[in-house]
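The sequence and its predicted three-dimensional model are supplied below.
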Number of protein chains: 2
Amino acid sequence: MDELLEASQPADWRAPDPGNLLYMELDAGRVVIELAPAFAPAHVANLRTLAREGYWDGLSLYRSQDNFVVQWGDPTEDADARRPLGGAQEKLPAEFTRNADGLAFHRLPDPDGWAPEIGFVDGFPAGRDPKTGEAWLAHCYGMVGAGRDMAADSSNGTELYAVTGQSPRQLDRNITLVGRVLQGMELLSVLPRGTGPLGFYEKPSQRTRIRAVRLAAEVPEDERSALQVLRTDTPLFDAVIESRRNRRDDWYKRPAGHIDLCNVPLPVREAAAD
Amino acid sequence: MDELLEASQPADWRAPDPGNLLYMELDAGRVVIELAPAFAPAHVANLRTLAREGYWDGLSLYRSQDNFVVQWGDPTEDADARRPLGGAQEKLPAEFTRNADGLAFHRLPDPDGWAPEIGFVDGFPAGRDPKTGEAWLAHCYGMVGAGRDMAADSSNGTELYAVTGQSPRQLDRNITLVGRVLQGMELLSVLPRGTGPLGFYEKPSQRTRIRAVRLAAEVPEDERSALQVLRTDTPLFDAVIESRRNRRDDWYKRPAGHIDLCNVPLPVREAAAD
């Protein structure tokens, strides 16, 4: 795979739109999240507003459940005591699936037990059902979603989670995914596991403080992370997948001839300085 | 699932053989590993010898690669400078697969892209091929394997790894799995990711020291972890799987009707004190 990426051309990569990037600043460094407005337009609009108004600044990562997720936002149980939403919407529609029409769905031919069809849309792992005409994002490592309560439409984007373990695909089509971590996953995945139920920290002092969450578009250009993401609709990406379906290096004695959706690498690189 | 486990009977659980349990003692606590002699008899025999002779005592976890594995043992590159093996074998056969005959293979009916058949053997996730008559352990979260070099038979069990990310099933049948972590996975999964190639730490000071690794059978009884493992050949285990294939709680709006091998929970509990 490294050889393939080294031989890549500039057109094989895309620079994500700064209007679709969140920077979560922790003491340990920056986590960069690419949002997916094609799948969750209402949530992404709310996330942009929340970031613009500094909603998460000074809040925390308050949950880390081993082999599952980390979660952040405002852990206050009393709804009246929570941080005010400012200009953001309090209520959003569930965005579990969308109409697949018009979506450039780059299909992965390998079988999958969770979805009739699987593939990639602009760098995001996704499922599709030709019978219902729906498409949806898939819960792979590093995917980011909007926590909700019992009601399907009870997420507003303030409480976000990132997948840190074996892909919990049973959540697909049950909750709104809003994007994926492009950089800094290793800052989230190492957070101590909470010892309370579901991995919530038992003491506030165990939480990890969020310095700020900003939309990249509103960060001065010289402070932005210059990231590029491998396009997933190219022959090069197909070659990357094939190099992982059947490893060619000498270490592997028995190529698998298969890959699961969530084992496909979605390369990100730092753009070369001009 | 919690309801099912609460209603379980003593016969639904088994106490692992102390001769098959390794205790890895870290400053942060104890990691308990159950060995799988049914799949890797030569490696397990070597691991028992290495533990008995204190091989890993004072060595370290020297690699943590995000969404992949942590690895421990002796990181010394110069083979002549490595810790002596004592009574352990320097060379072992590759134990990637075994003959499936005589193996109580409790099959999971869900489709899988990596193996013709999947299921559980005494609490371990496994694959099977009726055409070749082979069975093998599967690389799920928490599984422990024996690192090797290029040659298939180049592992001797001194360098072990545990899976900390999305199941790298491409490793199945390419390397010898020796067991799985029953308790303490959260001590391994949070280790800072190494910034060198493949997640190796760049500085020795970044490694995590191993106080000792002991075989439970050689630890005084009152210092042992009293763990019980849910049997995987029972109607209760089938009910547990079904409860995860189709979640019945109100939160889920759309049960998946499927589960992947590595999403099946393998419950472990502390035995009640007498």
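Cool, got the structure.

residues from the stretch 1-150 of chain A in reach of chain B?
For the stretch 1-150 of chain A, the residues in contact with chain B (C-beta under 8 Å from any C-beta of the partner chain) are A:66-67, A:96, A:110-114, A:140-142, A:150. Heads up, the C-betas are built off the backbone N, CA and C, glycines and all.

who's in contact with the closest residue in space to residue A:133 that isn't next to it in sequence?
Using C-beta to C-beta, 6 or more residues apart in numbering or on different chains and skipping residues adjacent in sequence, the residue nearest residue A:133 is residue A:100, 5.5 Å away. Residues near residue A:100 by C-beta atoms under 8 Å, 6 or more residues apart in numbering or on different chains: A:128-129, A:133-135.

If any of those are buried, give me the PyMOL selection for them.
Per 16 or more other C-beta atoms under 10 Å in any protein chain shown, the buried members of the contacts of residue A:100 correspond to this PyMOL selection:
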select buried, chain A and resi 128+134+135
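
Output the contacts of residue A:100 as a markdown table; include the columns pLDDT and secondary structure.
Shown next, in a markdown table, are the contacts of residue A:100 (pLDDT from 0 to 100; DSSP: H, G, I helix; E, B strand; the rest coil):
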| residue | pLDDT | secondary structure |
| --- | --- | --- |
| A:128 | 98 | strand |
| A:129 | 98 | strand |
| A:133 | 98 | coil |
| A:134 | 98 | strand |
| A:135 | 98 | strand |
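
The closest residue to residue A:33 other than its chain neighbours and residue B:253, how far apart?
Nearest non-adjacent residue to residue A:33, counting by C-beta to C-beta, 6+ apart: residue A:22, 4.4 Å away. Going from residue A:22 to residue B:253 by C-beta to C-beta, to the nearest Å gives 27 Å.

and what of residue A:127?
Applying C-beta to C-beta to residue A:127 and residue B:253 gives a distance of 15 Å.

Name the residue in the two with the higher neighbour count.
residue A:127 (24 against 14; other C-beta atoms under 10 Å in any protein chain shown).

partners of the helix or strand harbouring the more buried one, with directions?
Residue A:127 is located in strand A:124-129, with elements delineated by DSSP states H and E. Using DSSP bridges, the strands paired with strand A:124-129 are strand A:117-121 (antiparallel), strand A:134-137 (antiparallel).

ok so, going back, parallel or antiparallel, which strands does the helix or strand encompassing the residue nearest to residue A:33 pair with?
Using DSSP H and E, residue A:22 falls within strand A:21-26. According to DSSP bridges, strand A:21-26 forms sheet pairs with strand A:29-35 (antiparallel), strand A:208-215 (antiparallel).

Walking through the stretch 101-250 of chain A, point out its strands one by one.
A:106-108, A:117-121, A:124-129, A:134-137, A:143-146, A:160-163, A:176-183, A:208-215, A:227-230 (DSSP state E, counting those that start in this stretch).

Let's test this: mean pLDDT of the fifth one, rounded?
When the per-residue pLDDT values of strand A:143-146 are averaged, the result is 98.

and that strand, how far from the chain's centre?
Offset of strand A:143-146 from its chain centre (C-alpha atoms, centre = their mean, to the nearest Å): 5 Å.

go on, the first one?
Relative to the centre of its chain, strand A:106-108 is centred 19 Å away, using C-alpha atoms, centre = their mean.

ok, now the third one?
Here strand A:124-129 is found 13 Å from its chain centre; the criterion is C-alpha atoms, centre = their mean.

go on, the second one?
Here strand A:117-121 shows a centroid-to-chain-centroid distance of 15 Å under the convention C-alpha atoms, centre = their mean.

ok, and for it, which residues are buried?
For strand A:117-121, burial by neighbour count (16+ other C-beta under 10 Å) applies to A:117-121.

And stretch A:85-96, by the same measure?
If you call a residue buried by 16+ other C-beta under 10 Å, then stretch A:85-96 has these buried ones: A:85, A:88, A:92, A:94-96.
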